[in-house]
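J.: Give me coordinates for this.
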Amino acid sequence: MQYTVNTGIGSKVTCKIEIPKEWKVVKLGGDIALTIMPQSPPSSTYNKDGIGLPFLQGKMEFGNMYPSPAMYCSNSIKIAKLMMLISVKAPVGDVNLAPCKLCIGRGLAAIRFNEKKANHLFYFYYLQKIKKFLEALGKGSTFKAIVKDDLEGLRVPLPSLPEKERIARFLLSVDRTLEVERKRKERLERIKNALMDLLLTEKIRVRI
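T.: Numbering: from 1, shown residues only. Just a heads-up that it's a prediction; the model follows:
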């Protein structure tokens, strides 16, 4: 598969993905997924008191896989529940998964996959793979945005459901290992920084 988009400044961005010949290629907006585009609720309904649903305006609270909302909304208009989230307004292309029912604002779209035909984890990792193309897909002279037609018209591979699930499980296990190692690295860095503080200020001495 090859993705090509004209950036509008005399250049093109191309992303080539090798897939097995037996895999089908379909549109994301076909019968494998439903796309919910963003719409911001009134700002007067935003709060930090836990009233309503957790609220995400954009990708600012995105994590490696799941977001950590800091705001709530008492009058939700567009709701994502167990769906994939994608940033569709600058910066565009980042993806996360909604771990619970969330209210989404103007910067995010939500994609609900047909569980009988698609695996959301598979496409979560796939869209990460083509992030540079998704970034180039954004339109607008000042603030880039991905429009609904481009998002739903995105061509994606469609392996068999069991194969998608095997691929997703394997990548998820790798992600979990990376998370364990990241936390271990952070802990070692904290220990190192504490030791540096003690040694460089001579609060403890090293005997030679």
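
J.: Could you list which residues are in contact with Arg176?
T.: Applying Cβ atoms under 8 Å, 6 or more residues apart in numbering to Arg176 gives no contacts. Quick note: C-beta positions are derived from backbone N, CA and C, even for glycine.

J.: I'd like to know how many residues surround Ile130.
T.: Neighbours of Ile130 under the rule other Cβ atoms under 10 Å: 19.

J.: show me what contacts it?
T.: Neighbouring residues of Ile130 by Cβ under 8 Å, 6+ apart: Tyr3, Cys15, Ile17.

J.: pLDDT score assigned to it?
T.: Per-residue confidence at Ile130 stands at 92 (pLDDT).

J.: any idea how far Pro20 is from the residue nearest to Pro54 when sequence neighbours are not counted?
T.: With sequence-adjacent residues excluded and distances taken as Cβ to Cβ, 6 or more residues apart in numbering, Pro54 is closest to Pro69, at 3.7 Å. Per Cβ to Cβ, to the nearest Å, Pro69 is found 38 Å from Pro20.

J.: Which one of these two is surrounded by more residues?
T.: Neighbour count, other Cβ under 10 Å: between Pro69 and Pro20, Pro69 has more, with 17 against 8.

J.: In contact with the more buried one, which residues?
T.: For Pro69, the contact set (Cβ under 8 Å, 6+ apart) comprises Pro54, Phe55, Leu56, Glu61, Leu102.

J.: next one: Ser68
T.: By Cβ under 8 Å, 6+ apart, Ser68 lies in contact with Glu61.

J.: for it, helix, strand, or coil?
T.: Classification of Ser68 using DSSP: H, G, I helix; E, B strand; the rest coil returns coil.

J.: any idea how far it is from Leu53?
T.: Using Cβ to Cβ, Ser68 is found at 14 Å from Leu53.

J.: Next: Leu82.
T.: Distance, Leu82 to Leu53, by Cβ to Cβ: 14 Å.

J.: Phi first, then psi, for Gln128.
T.: phi -60, psi -40 (degrees, to the nearest 10).

J.: hang on, I meant Leu28
T.: Per degrees, to the nearest 10, the backbone of Leu28 is at phi -60, psi -30.

J.: What about it, how many residues nearby?
T.: 20.

J.: which ones are touching it?
T.: Taking Cβ under 8 Å, 6+ apart as the test, what Leu28 contacts is Thr35, Ile111, Tyr123, Leu151, Glu152, Gly153, Leu154, Arg155, Val156.
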